[in-house]
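# What follows is a predicted protein model with its sequence.
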Amino acid sequence: MAKLARLNPFLLLAWALILAAGAAMAYGHTVWGSVALLFSAGFVRRARTNAVAGLATQDDQLPRPSRRLWIAAGVLALMAGLSFYFLYEDARHGYQQAWPVYLFAAIALASAGVVGAVVARILQ
């Protein structure tokens, strides 16, 4: 009974969401499964901090994404939207040029790296 009293409710929610994500993905709802996995990661992070006692834990001193990294992610998101527009316009006119495809692919690769770095810093 003492062990049950020490269980963190955020960890219980995280496990429930992981199970729900697995069930959703097994039945073909990959988007909802992915959303549930992201929320479960947030609950695990919340469970690792000592928010109830208000004490600073080791997690509070971890490095966060820098302002430059956030700006790079935002700029790449805008560039991805613009390159998608160029790709769409090229598709409307019969795929006459190849550069929109290469631009879209290059921005997608750069975005994967930068957004991956932001997520790694947040979940560290």
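Nice, thanks for sending it over.

# Tell me how many other residues crowd residue 25.
When neighbours are defined as other C-beta atoms under 10 Å, residue 25 has 16 of them. To be clear about C-beta, it is placed using only N, CA and C from the backbone, and glycine gets the same treatment.

# Was I right to think it contacts residue 31?
No - the pair residue 25 / residue 31 is not scored as a contact, 9.6 Å apart, by C-beta atoms under 8 Å.

# Name the helix or strand of the protein that has the lowest mean pLDDT.
The helix or strand of the chain with the poorest confidence is helix 2-5; it has a mean of 52 (mean pLDDT, DSSP states H and E).

# Apart from its neighbours in sequence, what residue is nearest residue 87?
Leaving aside its chain neighbours, residue 87 sits nearest to residue 100 (4.5 Å; criterion: C-beta to C-beta, 6 or more residues apart in numbering).

# Roughly how far does the one you found sit from residue 78?
Spatial separation of residue 100 from residue 78 under the definition C-beta to C-beta, to the nearest Å is 16 Å.

# So between those two, which is more surrounded?
More neighbours surround residue 100 than the other of residue 100 and residue 78, with 19 against 10 (other C-beta under 10 Å).

# element containing the more buried one?
Assigned by DSSP states H and E, residue 100 belongs to helix 99-123.

# which helices and strands does that helix pack with?
The contact analysis (3 or more C-beta pairs under 8 Å, 6 or more residues apart in numbering; DSSP states H and E) places helix 99-123 against helix 67-92.

# Domain-wise, how is this protein divided?
Following automatic domain parsing, one gets these domains for the chain: 1-60, 63-124.

# Out of these, name the one with the poorest average pLDDT.
With a mean of 75, domain 1-60 has the lowest mean pLDDT of these.

# what sits against the closest residue to residue 10 other than its chain neighbours?
Distances taken as C-beta to C-beta, 6+ apart put residue 47 closest to residue 10, at 3.6 Å, once the chain neighbours are dropped. Applying C-beta atoms under 8 Å, 6 or more residues apart in numbering, we find residue 47 in contact with 8, 10, 11, 14.
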